[in-house]
Each structure stands twice: as C-alpha cells, then as structure tokens.
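A.B. asks: no sequence on this one, just coordinates:
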C-alpha cells in the first residue's frame with residue numbers, strides 16, 4: 001500500500017508541477033521527503049503532495065486548509081495549492097491528500113543560522129490574526145501530547161523506567177493532557193499547535209520570506225503552547241539562553257499575546273513547557289523501544305528533565321519546568 005501511495009502522490013505532484021510537460025528534457029523523478037504513519041510527503045519540482053494520517057478528521061482538516069488559504073494570512077502561513085478547481089483536499093488509497101508549494105526548509109547543518117527570530121515574529125503575527133468567525137477546531141497540541149504518552153505506554157508496557165514520565169504527566173492539569181477544554185482566563189487565539197524549526201520554510205516566491213507550514217494541528221487555543229517546545233528545550237538545557245531570548249524577544253516585539261510584554265514569562269509558559277517535556281520524553285522512550293536501543297544523549301536529557309519535574313513537591317510542580 002505504501003509503495004502504491006507514494007507512486008500516486010508522485011503522479012499527483014508531477015501533474016500539478018508540470019501540467020504542460022517538461023519540454024525536450026525528461027521531467028525530474030519525484031522524491032520522497034518524508035514517510036511516516038502520520039504523513040507521507042513526495043516532491044515533484046516546485047510542488048509537494050502530502051498524504052495525511054489515515055484517521056485524519058477531514059472536516060477539521062478542511063477548515064484548517066481554508067484558514068491557510070484565506071486572505072490576510074499569506075505573510076504567516078504557506079497556502080495550499082488546489083487539487084481541483086475550488087478544492088484543496090482529495091483522497092488517494094484511503095488517505096486525505098493535499099498539495100503545497102515547495103519551500104526551502106531550515107538547514108539542520110547550520111544551527112547558528114536557525115531563524116529563531118523569524119519563528120518568534122511569525123508566531124506573534126499568527127496569534128494576533130483574527131480567527132474565522134466559525135468552523136475552526138481546537139488546536140491539537142494537548143491531544144498530541146496525550147497520543148505520545150499512549151504510544152510510550154504501548155511500546156514499553158510495565159517498564160518502571162518510564163514511571164517518572166508518567167508521574168510528570170499525571171501532575172499536569174486536565175486541559176494540558178487533552179482531557180478538558182482550556183480553563184477560564186486562558187485566552188484563545190489562532191495557534192499552530194506543533195511549532196518547531198521543521199515547520200518553517202522559505203517561501204518559493206521572489207521575496208523568500210519565512211512562513212509556517214503544516215496546519216494539521218492548527219486551531220484555537222492557548223498561544224503559550226506554541227512557545228512551549230523551545231521553552232522546554234531552554235529549561236532542559238538543550239537550547240542556549242541567548243537563543244531562547246532571541247526567540248522570546250522577537251515574539252514580544254511582534255506583540256505576541258502568549259506572555260506579558262516584559263517581566264517573567266514562566267507563569268504563562270510553565271504548564272505547556274512541562275507538557276512538551278513529557279511529550280518529547282514519551283516519544284523518545286517509544287522510538288528507542290521500536291528501534292531496539294537505549295535513549296540517545298539528547299533524548300536522555302529530556303527524560304531526566306521529566307524525572308526532575310516528577311520529583312517536585314506538588315506545591316512547586318506548578319511553578320517549575322526543571
């Protein structure tokens with residue numbers, strides 16, 4: 001099935017990229033950019049075809065695609081390409097499929113050039129963008145954290161080594177575990193839902209600006225969640241302080257509503273950062289089990305951060321991420 005789906009995605013991207021053919025030279029063969037259960041991505045020239053997870057809520061995805069394609073968001077979100085006149089969603093081999101322009105991703109081999117300021121500015125702009133009047137689902141960040149914990153439990157049943165991660169998870173409020181809606185007092189804004197540097201590409205147009213991609217988890221929610229992954233990395237010691245403050249300062253300079261304009265940002269970031277720490281540790285345990293290995297050095301740092309969270313007294317657990 002996967003081979004047939006990859007071939008079909010390549011054909012779809014190829015037709016969209018080269019509607020009139022490639023002239024006297026042969027067209028370049030499609031290239032597989034990602035092949036995971038939750039997304040298969042195939043590129044043909046300037047076009048990318050993506051097969052979303054088989055269990056995707058297509059009504060929610062359609063609403064998210066309308067968000068990305070809507071007016072007033074072209075300087076924040078990469079807009080999808082039509083798969084047919086008036087449509088941004090189709091189906092191949094039982095999977096929902098979308099088309100996108102190909103953009104240049106962040107270069108993982110050059111960490112000093114990582115666009116942290118651009119990421120902060122983009123998030124501020126997204127969070128300040130007026131949401132559609134109706135139809136947009138909730139941001140899926142907390143649900144994804146819960147799925148990561150479930151995946152860890154399935155991969156390592158009854159393994160005592162994962163207990164600190166589960167303890168840290170149980171210490172989170174229900175809304176951060178996807179078990180309840182956001183509590184009163186937490187503002188709801190447009191959110192990306194899964195922010196990391198892999199979600200930024202340079203627009204393929206002449207201006208080459210950075211844009212956010214992958215709206216599968218976008219929706220209404222607490223904007224602090226979009227800052228939570230870099231906040232968790234900073235708290236765990238994986239993100240240098242100067243990089244964290246470059247990102248945070250750019251977000252604040254853009255008027256981002258997730259944290260106060262000055263002063264301590266952690267009262268707003270604490271719970272989402274702890275949730276992302278647990279999510280990352282749970283995925284580390286699950287992936288290392290699937291690959292028959294122990295967690296690597298970076299994974300172990302996040303797992304150890306969960307152990308520190310789990311060891312905090314209840315009255316302090318709500319105030320610290322490490």
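C.D. replies: Received the coordinates, thanks. Keep in mind it's a predicted model, so treat the numbers as computed, not measured.

A.B. asks: where are the low-confidence patches of the stretch 51-200 of the chain?
C.D. replies: 182-187 (pLDDT under 70).

A.B. asks: what about 80?
C.D. replies: Applying pLDDT under 80 to the stretch 51-200 of the chain picks out residues 111-112, 133-134, 180-187.

A.B. asks: Helices of that one, start to end?
C.D. replies: For the stretch 51-200 of the chain, the helices defined by DSSP state H, counting those that start in this stretch cover 58-69, 116-128, 141-155, 163-170.

A.B. asks: Check the chain for its longest helix and report it.
C.D. replies: The longest helix of the chain (DSSP state H) is helix 266-290.

A.B. asks: The stretch 151-300 of the chain: strands as residue ranges?
C.D. replies: 189-191, 200-202, 210-212, 219-221 (DSSP state E, counting those that start in this stretch).

A.B. asks: so what does the last one touch, helix or strand wise?
C.D. replies: Read it as strand 219-221. Applying 3 or more CB pairs under 8 Å, 6 or more residues apart in numbering; DSSP states H and E, one finds that strand 219-221 contacts strand 189-191. (Glycine included, C-beta is placed from N, CA and C.)

A.B. asks: now do 10 Å
C.D. replies: Contact analysis of strand 219-221 by 3 or more CB pairs under 10 Å, 6 or more residues apart in numbering; DSSP states H and E lists helix 58-69, helix 141-155, strand 189-191 as its packing neighbours.

A.B. asks: Show me which parts of that strand are buried, residue by residue.
C.D. replies: Neighbour-count burial for strand 219-221 flags 219-221 (criterion: 16 or more other CB atoms under 10 Å).

A.B. asks: Dump those into CSV; add pLDDT and distance to residue 153 as well.
C.D. replies: Compiled in CSV, the buried residues of strand 219-221 are given as follows (pLDDT from 0 to 100; distance: CB to CB, whole Å):
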residue, pLDDT, distance to residue 153
219, 95, 26
220, 93, 29
221, 92, 25
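
A.B. asks: ok, for the residue nearest the centre of the chain, nearest residue in space, not its chain neighbours?
C.D. replies: Central residue of the chain (CA atoms, centre = their mean): residue 194, 2.2 Å from the mean position. Spatial nearest neighbour of residue 194, chain neighbours left out: residue 217 (4.5 Å); criterion: CB to CB, 6 or more residues apart in numbering.

A.B. asks: Give me the phi and psi for the one you found.
C.D. replies: Main-chain torsions, residue 217, degrees, to the nearest 10: phi -110, psi 10.

A.B. asks: wait, doesn't residue 93 sit right on residue 4?
C.D. replies: Yes - using CB atoms under 10 Å, residue 93 is in contact with residue 4, at 6.1 Å.

A.B. asks: Between the two, tell me which one has more neighbours.
C.D. replies: Ranked by neighbour count (other CB atoms under 10 Å), residue 93 and residue 4 place residue 93 first, with 15 against 10.

A.B. asks: what's the most buried one of the helices and strands packed on strand 219-221?
C.D. replies: Greatest average neighbour count among these goes to strand 189-191 (a mean of 24), per mean count of other CB atoms under 10 Å.

A.B. asks: who touches the helix or strand residue 15 falls within?
C.D. replies: Element membership for residue 15, per DSSP states H and E: helix 2-17. Residues outside helix 2-17 that contact it (CB atoms under 10 Å, 6 or more residues apart in numbering): 22, 27-32, 35, 37, 40-51, 81-83, 90, 92-95, 97-102.

A.B. asks: Could you pull up the residues touching the nearest residue to residue 290 once chain neighbours are set aside?
C.D. replies: Counting by CB to CB, 6+ apart, residue 290 lies nearest to residue 155, which is 6.2 Å off, once chain neighbours are set aside. For residue 155, the contact set (CB under 10 Å, 6+ apart) comprises 162, 282-283, 285-290.

A.B. asks: Residue 166 too?
C.D. replies: 149, 152-153, 278, 282, 306, 310.

A.B. asks: do the same with residue 88
C.D. replies: 61-62, 64-66, 68-69, 79-82, 98-100.

A.B. asks: Spit out the contact partners of the residue nearest to residue 193 when sequence neighbours are not counted.
C.D. replies: The shortest distance from residue 193 to any non-neighbouring residue, by CB to CB, 6+ apart, is to residue 217 (3.1 Å). Residues near residue 217 by CB under 10 Å, 6+ apart: 60, 64, 137-141, 143-144, 191-195, 199, 225.

A.B. asks: coming back round to it: for the contacts of residue 88, which one is nearest residue 254?
C.D. replies: residue 68 (19.5 Å; CB to CB).

A.B. asks: That concludes my questions; thank you for your assistance.
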